[in-house]
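K.L.:
Below is the sequence, then the predicted model.
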Amino acid sequence: MASRTRGNAMWQALRDDVNAKGTELPPDPDGPLDDLWPHLSVQQQCLVASGKVTFEELVDRITAAENAELCPRCTTAPVSPAYQRLGLCVACARKELNEALDETLIEIEAQREANRLKTGVKRARCAAGLPTPRGGSSR
């Protein structure tokens, strides 16, 4: 009973803090899941108290994550259904996509530099009146 009283006191403190900001409050977490309230992190309790997520939605996400396959890269978050093809959590999938994009941009820049150098060599050969290596005519 002491933890329930402490949990309700914490809830009241969060409610007072949110009331001071003038935002609408979610209902009190007393219900079938109220015994889970003390086990939530302060950040999770603040999310519920601010109304950004309901207590039931938060518990559903936590229980869904417990049964999910963990991301092989970070081994802390569940594999996201949105990135099931990659088999990674949201954070790792976005990092992976950003790394792939960076690599692609580096390859494109390297190809541009190679093309610029080839064009310079071709122009220098043409200016000197030399034939192209394949035997083609100069401009």
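P.N.:
Yep, that arrived. Numbers count the residues shown, from 1 in each chain.
K.L.:
and the helix or strand harbouring Gln45, which residues are buried?
P.N.:
Using DSSP states H and E, Gln45 maps to helix 42-50. Of the residues in helix 42-50, Gln44, Gln45, Leu47, Val48, Ala49, Ser50 count as buried by neighbour count, 16 or more other C-beta atoms under 10 Å. From N, CA and C alone the C-beta is placed, and that goes for glycine too.
K.L.:
Spell out the secondary structure type for the nearest residue to Lys122 once chain neighbours are set aside.
P.N.:
Distance criterion C-beta to C-beta, 6 or more residues apart in numbering; nearest residue to Lys122, sequence neighbours excluded, is Thr132 at 7.0 Å. When classified by DSSP: H, G, I helix; E, B strand; the rest coil, Thr132 comes out as coil.
K.L.:
Count the residues that sit near Thr132.
P.N.:
13 (other C-beta atoms under 10 Å).
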